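>>> here's my sequence, what's the structure:
(chains A, B and C)
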Amino acid sequence: MGPPRATEPGPGAEPRLEMSTNLPLFPQQASSQAGQVDAIYFFMVAVTAFFGLLIATLIVIFSVKYRRRSDDEVGVAIHGSLALELLWTIIPFFIAMGMFAWGAKVFFDLYRVPAGAMEIFVVGKQWMWKVQHASGQREINELHVPIGRPVKLIMGSEDVLHSYYIPAFRVKADVIPGRYNTMWFKATRPGTYHLFCAEYCGTKHSGMIGSVIAMEPADYQAWLDGGKSEDTPAAAGERLFTSLACITCHSGDASGRGPALAGIYGHEVELQGGGKVVVDDAYLRESIVNPQAKLVNGFPPLMPTFQGMVSEEQLLQLIAYVKSLKGPAPGGAQPPGGPQSAPAPEKK
Amino acid sequence: MPNGHSEHFPGPIHQPPLASNVDAIQPGVHAEHAHHPKLQHHFDDMEQQAEASTLGMWVFLVTEVMFFGGLFMAYIVYRSASPEGFQEASHHLNVIWGAVNTVVLIVSSLTMALAVRAAQTGASPKTQVGWLIVTMVLGAAFLGVKAIEYTDKFTHHLVPGPDFEWAGKYPAAAQQFYSLYFCMTGLHALHMVIGLGIMTVIAIMAWKKHFDAEYYTPVEVAGLYWHFVDIVWIFLFPLLYLIGYHLHE
Amino acid sequence: MDAPALNYLNNGHGAASWLLTRDHKRIALLYLVSITVFFVIGGAFATLVRLELLTPAGDLMSSDTYNKMFTMHGVVMVFFFLIPSIPAVLGNFLIPIMIGAKDLAFPRINLLSWYIYILGGAFTLVAALSGGVDTGWTFYTPYSTAAANSHVMTAAIGIFITGFSSILTGLNFIVTIHRMRAPGMTWFRLPLFVWAHYATSLIMILGTPVIAITVLLVAAERALHLGIFDPALGGDPVLFQHLFWFYSHPAVYIMILPAMGVISEIVQAFSRKNIFGYSFIAFSSIAIAVIGFFVWGHHLFVAGQSTYAGLLFSILSFMVAIPSAIKVFNWTATIYKGSVQLDSPMLYAFGFLGLFTIGGLTGLFLGAMGLDIHVHDTYFVVAHFHYIMVGGAIMGYLGGLHYWWPKISGRLYSEPWAKFSALMVFVGFNLTFFPQFIAGYLGMPRRYHAYPPEFQVLNVLSSAGASILAVGYIIPIVYFGYSLLAGERSANDPWGARGLEWEIPSPPPTENFTVSPIVTHGTHQYEPSKEVGIA
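Down below sits the predicted model:
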């Protein structure tokens, strides 16, 4: 089992003066990436120790060997040595470039989400983490995941900057209001691990913590099944789609004032004024809160903004719904009456 | 152990000191005539003083470039995020007033240069002060036009904040545009006000006959400052007023 | 020795002669007093932080109060202690003397710099006393613009004002070094202390205005609800981070370059040997200043910045480390075949060499993108920057203060006490901050009021170290104070060092030199007859 969660006694409680003698010195490796990160860490520790000891040793030796023996004594006038300068410029340069390349490689592996990753939505708000699994399971300050399977977190913030940090997995990503950030990991060991908010966010920043619980696939399935049966995000999104009247314009047929959305996720659309964009989570979110930012070509700028009318969680649900709509590919984004450059006339 | 007592004082034994004449009477470099009344005692001569002052003002102007630079960076970020939005927002600015202000400032830089020249050539105090006053009047005219423009923005609810209203297609971009408009032109206007203050001081000094061919640096550095304020406007005008502007619509 | 002749200390008495002085040496002392006051205030905040962190639970103070403690510690230490310290005290005092001038180019602007610093400090203290700021010294948006309900405006205005003190100091130094050098004082005869301050001044004038406008925008957004950083209004909170770090990264080079200049001088003086690789150290200072402007994005690796931007910032961050490495090797080589005396300034220099090496190399951990993901915003970062700022910059400041104390005050201090406090500082420092590397890699985030119990042992070690460190800092205040009142008087050159400053009396006369000296060679030439190597 992982380390226990911290508890806060509250301001009125007696200060506890007993001391925990538990002294871990190194974090557990619980993800497929942890080993890579630790490898570059150990290399850099070795380099630091080497040069630190080298300088310290030289200083000590020189101070003793060349200590001043009389009040009048002066040192030998040596101005420099080009050979030495080149030596201690070029060698550190190559070590540094090696470290850079290695660090970049590890970053690419941490950054590139493998195909088939399981998506989980995370919303950070002062001062808690709300998680929603694609199957509808919701969690607060906890995250249950299966081991052996890549998990992709799609994260938004309801208020200020936060950061989702799982030390045992060696992953962290800032959670930024107004946009999505993603990160992925693959848990390798069952256990309970710390979850921390790692971007200062106000009063209870240090209380915005929780646990990531990695489970054997069978146990994870049991956990999913045993939970209260709740709507999947996509089902909740479908209800919002109707109640917010999105369906009025995005009716999906030729008379719709807005592009049909079936099958649109993951495909490219052409924008007004030229340019194209791939319809991903970020684009869908932007189109709901700032519709005129990237208008699909051939459609009138009629969509109102829903900024402030939907919460981050609801946005994730709407997006999950759109993603779930299967249909013909980019043809779904054709304006009524075929492509045209002038906006369609107002109906009614 | 640091030593105060002379018997342990190691001193420069084999070694002549770094510099000669540290306390000797022989002069280093130095002018023969009694020095100009405006020479500050830590300078060797008027030329060194003038060079130091002008270099100082140039360095200060570099800091001003960086100061405005932050706002220009924000402008670049938000305009590239929504080029059409910025264009739409920019159309509500009055290009005529902007152009008038541009001409006013360019002429004021000319009159400022003439004021510097007047001081440099030892023209009469009336001439020196005259050119300075013309410059100040032009500067005040600029600020007057800006006051008219700002009032217009207030009445049309174009000031960012809770009262901001935007009827066009790109309200978010418009809010960013006007935030930057007020910050950039406001900071610029503040610099102009400070410039007017500086010129008042310089004009008083000119009236009291402080300047001559050997000492006109205050006018010169005031001129440098004024030219800089002018150049900032030359950038602000097209970036704020002329986005997507065509003479023949 | 008898009481000294007329010098800058006794040339004029009374408050007005000090508060309206134009003498760069007196202004340096005005700064010395005010910087020491701010150091004590910043240290008091740190003490409260470390006391709270003795136990895992947040039981000494409320979370809001704790958040204000670490914020005020950072704001005071960065803006009111570290950035001015060496330039405003030692730079102001020594640069005119080292180049053979009577004063800086603009003595009145120098005094104005100090008053601006005091005004900015007053605003910040008002913010602290009327309830404090709790945004972290980094003021990230949108917390600082929309959510924080502490005295952000007042603190922002205080920092804005103080920035101009820095700008004017840098401006003064640049013009002075360009235009006021004595005849024969060519660029390559300048002491490395002067080169270091020239490079620092470049950063001061180019970087500080950007933090000024950034902090002004935060204040404007808070007051007028502009929306530049507010995502609800189409703004970008990460834009703030770019603008903030564009200054704040070069700012750390403002803090370390002057200390490096001090180390160059001390290492030469206490080895009685000219520096090894003069031009390499001089150019390295400039290189650090220039490259340092292009690395700021290494603070944004996890903030959703584009990967390609990240790559660029990462590779440049590794490159900026190279000139620092060159300097460390050159300083070490200077001691070789020197005549080494382990007086207290040299002890501080040695402390610097070891701790700066570790601190600088741990910076590379943070520059490696894949590794930074794990350690960003943890105590690893806190340990890294304290190794550089405290193990590096403050050691440099203390070393310089001890080295030039006889010149500044005309008196000697107690060398045994100085050695003792240097040792306490070194031991206390390492005990405070080394455990934080371990805690950080374990995953303990920074700015945490309460933490999980398994971090407690490391935190207790850290707080224990802090108490030793505090003692190490208080003792010099005592013996320097005693030295001013009753210390043994010093000769012109008590160390047997070289440089224009050692050829004039201790303390110097107000005008430094009666006439311009004519310089014939560079500093720290102890035995030109035995020259070997590159000229």
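
>>> excluding covalently adjacent residues, which one is nearest to residue C:459?
Spatial nearest neighbour of residue C:459, chain neighbours left out: residue C:53 (4.7 Å); criterion: C-beta to C-beta, 6 or more residues apart in numbering or on different chains. No exception for glycine: its C-beta is placed from N, CA and C like everyone else's.

>>> residue closest to the middle of chain B?
The residue lying closest to the centre of chain B (C-alpha atoms, centre = their mean) is residue B:225, at 3.2 Å.

>>> pLDDT wise, what is that one at?
On the pLDDT scale, residue B:225 is placed at 98.

>>> contacting residues for it?
Taking C-beta atoms under 8 Å, 6 or more residues apart in numbering or on different chains, we find residue B:225 in contact with B:57, B:60-61, B:195, B:198.

>>> part of a strand, is it?
No: secondary structure of residue B:225 (DSSP: H, G, I helix; E, B strand; the rest coil): helix, not part of a strand.

>>> how much space between it and residue C:379?
Distance of residue B:225 to residue C:379, computed by C-beta to C-beta, to the nearest Å: 47 Å.

>>> is residue A:28 in a helix, a strand, or coil?
Assigned by three-state DSSP, the conformation of residue A:28 is coil.

>>> tell me the contacts of the residue lying closest to it once chain neighbours are set aside?
Nearest non-adjacent residue to residue A:28, counting by C-beta to C-beta, 6+ apart: residue A:168, 4.9 Å away. Residues near residue A:168 by C-beta under 8 Å, 6+ apart: A:2, A:27-31, A:34, A:191, A:193-194, A:212, C:443.

>>> quick one, which of the residues you listed has the minimum pLDDT?
Lowest-confidence member of the contacts of residue A:168: residue A:2, scoring 42 (pLDDT).

>>> who's in contact with residue C:413?
So residue C:413 contacts B:2, C:402, C:405, C:479-480, C:482-483, C:487 (C-beta under 8 Å, 6+ apart).

>>> which of these fall in helices?
Using DSSP state H, C:402, C:405, C:479-480, C:482-483 are the members of the contacts of residue C:413 that sit in helices.

>>> does the residue nearest to residue C:459 touch residue C:465 like I think?
No: using C-beta atoms under 8 Å as the test, residue C:53 is too far from residue C:465 to be in contact (11.9 Å).

>>> those two: who's more crowded?
residue C:53 (25 against 21; other C-beta atoms under 10 Å in any protein chain shown).

>>> so who does the residue nearest to residue C:459 touch?
Counting by C-beta under 8 Å, 6+ apart, residue C:53 makes contact with C:451, C:459, C:462-463.

>>> now the stretch 101-250 of chain A against chain B: closest residue?
Nearest to chain B, among the residues of the stretch 101-250 of chain A, is residue A:178, at 10.5 Å (C-beta to the nearest C-beta).

>>> how about the residues of the stretch 201-348 of chain A near chain C?
Residues of the stretch 201-348 of chain A lying close to chain C (C-beta under 8 Å from any C-beta of the partner chain) are A:201-207, A:209, A:290, A:307-308.

>>> now secondary structure, distance to residue C:58 and pLDDT too, for those residues, in a markdown table please.
Formatted as a markdown table, those follow (DSSP: H, G, I helix; E, B strand; the rest coil; distance: C-beta to C-beta, whole Å; pLDDT from 0 to 100):
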| residue | secondary structure | distance to residue C:58 | pLDDT |
| --- | --- | --- | --- |
| A:201 | coil | 15 | 95 |
| A:202 | coil | 14 | 93 |
| A:203 | coil | 11 | 94 |
| A:204 | coil | 10 | 94 |
| A:205 | helix | 11 | 96 |
| A:206 | helix | 7 | 95 |
| A:207 | helix | 8 | 94 |
| A:209 | coil | 12 | 95 |
| A:290 | coil | 39 | 83 |
| A:307 | coil | 36 | 82 |
| A:308 | coil | 34 | 80 |
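
>>> just the buried residues of the residues you listed.
For those, a neighbour count by 16 or more other C-beta atoms under 10 Å in any protein chain shown gives the buried set as A:201-207, A:209, A:290, A:307.
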